[in-house]
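1. Pasted the sequence and its predicted model underneath.
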Amino acid sequence: MIELKVVRADPDRVRESQRRRGEDPTLVDALLQADEVNRGAGAAFDRLRNEQKELGRQIGPLQGKAKGADAAAVAELEGLMARAKDLSDAVKVAEDERDTADAETQRLMLALSNIIELDAPVGGEEDFVVLQEVGTPRDFAAEGFEPRDHLELGTLLGAIDVERAAKVSGARFYYLIGNGALLEFALINLAISQAVAHGLTPVIPPVLVNPPAMEGTGFLGQAAENVYRVELDDMYLVGTSEVALAAYHSDEILDAAKLPLRYSGFSTCFRREAGTYGKDTRGIIRVHQFDKVEMFSFCHPDDAVAEHQRLLAWEREFLDSIEVPYRVIDVASGDLGSSAARKFDCEAWVPTQGKYREVTSTSNCTEFQARRLSIRMREDGVVRPVATLNGTLCAIPRIIVAILENHQQADGSVNIPFALRPYLGGREKFEPIS
RNA sequence: GGAGGAUUCGCCUAGUGGCUUAUGGCGCACGCUUGGAAAGCGUGUUGGGGGAAACCCCUCGCGGGUUCGAAUCCCGCAUCCUCCGCCA
C-alpha cells in the first residue's frame, strides 16, 4: 500500500497514477473521506477511553475506603460506578465505530495500486517502449531450412513430453525428461552461480504460503484469479518465489546500514492461467507449473531506481550467456502489476513465432509491498519502510523454448550455449534420440 | 491425529484483577570519569496512531468474552517445544 500521508498531501498525484494505470481515480476520494471519518472516530474513542481510565484510577483506592464502612466513600463510590458503567457502554460503541471506520480505510488502502514512476510510458499492453535490442535473429531461409518449434525439437530430443503430461495432469503440463531435465539442472546451476557471484544469497523457499504473505505481496488483488488456493488448509501455492522472499523479512526492522539484502530464490511456481484459453496452447510457453530462479532485493528507498537497473543488468547478463537475441522493453503504465511502480521486461526472440516473447521481468515495488508486509529499516533512529524489487533470472520453460528454437540445426540437433556446457559435462549439442 | 507445556521491549526475565504510566538484566546509544581504554556511574532505548503543542490513545502471540477496570480470569485460534501415534 502507499502512504496515507501522501494521499492526504498530494491526492492529485495518486489520482493521476490510478488514471494512467487504467484504474479508478475516485478510490482516492473515497479513501480521503473514509480517513476523515476514521480520524474523527479515533479521536472520539480516545477521549472516552481516557475518561474511563481516569475514572478507573479513582475507583480502586475508593473501594478500600468503602470497605472500612466509610459512608461518604460508599456514596461516592456508587456515583462513580454508575458513571463508569455508562462510560463503559459508550466506550464499546465508540470502539465499534472506530473499528468499522478503520476497516473501511484499510480496505481502500489495500485497493489502491502503487504510485507509478512518472517516466513509465503511458498506455496499455501495446504501448511499451523498446529500450534496446540485443543480437540478431537468425535467417533460417538463408540457412536453407525451416525452423522447428520448441515442442517438435523437445520431442525429437526426448526432452519434453506433453502428451503423457496431459494424461497425468491435463493441459498446460509437461514432463522434462532426459536431456530436458539435464538442461533444467544446467540452467539452474548457471543462474545460481551468476547470482552467487554477484553476492546474492541463494534461497530455497516454501512454495505454500499463508494468506498474509500472499496478500502482502499484492497477489490477491487483480491477480487473484491466477493463484492456486489450497482451501482445506487456507494456504496458497506461490506463482513466484517473490512471495516467499518478500515475506521472509515481514514484521522485521532491518538495519539500514546492512541494506541492500539480496536473495536469489529457486522454486517451483504455480499459475492457474485463468482467462488464457486459446493462448499459447502448444508447447511450454504458458504452463501451470514451472521452476524459476528469482532475484529479490530489500533496499533503501533512495537506492531503488539504481537497484532496479542493477537487477535488469543481471537479467541481461544471463540472457547474454545463453546467446539468444532479445530486447528490453519499458512496460506501459496500464500493464504494470498493482505492486510495481516501474517494470522492465526482457523478451527473447522466438523464431517460429517471428516475434519476441517475455522471458524475464523486473519490477520496482518501492515501499508498496514493504508497507503491507511491515518490512522496515532503522536509519539514524528513524524507522521507515524499505523498498523491494524483484527480477527474474531464469524462468525455465521459456528459456528452454528460446534455447531450443534459436540454437537448432537443420538435423534437429541443438547446440548448447558455451556458458551451459560446464554444467552438462562439456557436451556441445543435444542430438535427436532414435 | 492425541496429551502436556510455552508465547511480555533486539535477547533473557518479573509480573494471579486497580499506585502497571509493565520490572530487572544483557545488548545498544549518549554523557560523566580517565593520559587512553576497561570497569564504574548517570541518562536514554517496543512499535503504531492522533495532535500546532502539552499531551492522549493503542500495542504483553491473535480473536472473542467476563468486569466499572484485564498482561493477569474464561473461551477459541495460531506458532513453537516435549511425548505418543502415523509417515517420506
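-> Now that the structure is in, tell me what you want to look at.

2. quick one: low-confidence parts of chain A?
-> A:61-73, A:77 (pLDDT under 70).

3. how does it look with 80?
-> Residues of chain A that meet the criterion pLDDT under 80 lie in A:57-81, A:221-223, A:275, A:278, A:381, A:434.

4. tell me the SS of whichever residue of the stretch 151-300 of chain A sits closest to RNA strand B?
-> Nearest residue of the stretch 151-300 of chain A to RNA strand B (Cβ to the nearest atom of the strand) works out as residue A:253 at 6.7 Å. (Each C-beta comes from the backbone N, C-alpha and C, glycine too.) Following DSSP: H, G, I helix; E, B strand; the rest coil, the label given to residue A:253 is strand.

5. Hmm, residue A:381 and it touching each other?
-> No - assessed by Cβ atoms under 8 Å, residue A:253 is found out of contact with residue A:381, at 11.5 Å.

6. out of the two, which sits in the busier spot?
-> residue A:253 (14 against 5; other Cβ atoms under 10 Å).

7. How about the more buried one, nearest residue that isn't a chain neighbour?
-> residue A:376 (4.9 Å; Cβ to Cβ, 6 or more residues apart in numbering).

8. ok, now residue A:111?
-> Counting by Cβ to Cβ, 6+ apart, the residue nearest residue A:111 is residue A:27, at 5.9 Å.

9. related to what we said a few turns ago, same for the helix or strand hosting the residue nearest to residue A:253, what does it pack against?
-> Assessed by DSSP states H and E, residue A:376 sits inside strand A:375-379. Using 3 or more Cβ pairs under 8 Å, 6 or more residues apart in numbering; DSSP states H and E as the contact test, the elements touching strand A:375-379 are strand A:252-255, strand A:382-385.

10. for the stretch 151-300 of chain A, what spans make up the strands?
-> A:160-161, A:175-176, A:201-203, A:208-209, A:228-230, A:235-237, A:252-255, A:261-270, A:289-299 (DSSP state E, counting those that start in this stretch).

11. Helix or strand: which one has the spatially closest residue to residue A:369 that is not a sequence neighbour?
-> Leaving aside its sequence neighbours, residue A:369 sits nearest to residue A:388 (Cβ to Cβ, 6+ apart; 4.7 Å). According to DSSP H and E, residue A:388 maps onto strand A:387-395.

12. Now do the helix or strand just after that strand against strand A:387-395, angle only.
-> Heading C-terminal from strand A:387-395, the first helix or strand you meet, by DSSP H and E, is helix A:396-406. If you take axes from the mean of the first three to the mean of the last three Cα atoms, to 10 degrees, helix A:396-406 sits at 50 degrees to strand A:387-395.

13. And the strands in the stretch 301-434 of chain A?
-> Using DSSP E, counting those that start in this stretch, strands in the stretch 301-434 of chain A cover A:326-330, A:342-350, A:355-364, A:375-379, A:382-385, A:387-395, A:414-415, A:429-430.

14. Check the gap between residue A:231 and residue A:211 for me.
-> Applying Cβ to Cβ, to the nearest Å, the value for residue A:231 to residue A:211 is 12 Å.

15. And the two? Which one has more around it.
-> Ranked by neighbour count (other Cβ under 10 Å), residue A:231 and residue A:211 place residue A:211 first, with 12 against 8.

16. For the more buried one, give me its contacts.
-> Counting by Cβ atoms under 8 Å, 6 or more residues apart in numbering, residue A:211 touches A:220, A:234, A:235, A:236.

17. Put the buried members of these into a ChimeraX selection.
-> To isolate the buried members of these in ChimeraX, using 16 or more other Cβ atoms under 10 Å:
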select /A:220,235,236
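
18. Dump the contacts of residue A:211 to JSON lines, plus distance to RNA strand B.
-> Listed next are these as JSON lines, based on distance: Cβ to the nearest atom of the strand, whole Å:
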{"residue": "A:220", "distance to RNA strand B": "18"}
{"residue": "A:234", "distance to RNA strand B": "9"}
{"residue": "A:235", "distance to RNA strand B": "9"}
{"residue": "A:236", "distance to RNA strand B": "14"}
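
19. Pick the one among the contacts of residue A:211 closest to residue A:165.
-> Nearest to residue A:165, judged by Cβ to Cβ, of these is residue A:236 at 23.1 Å.
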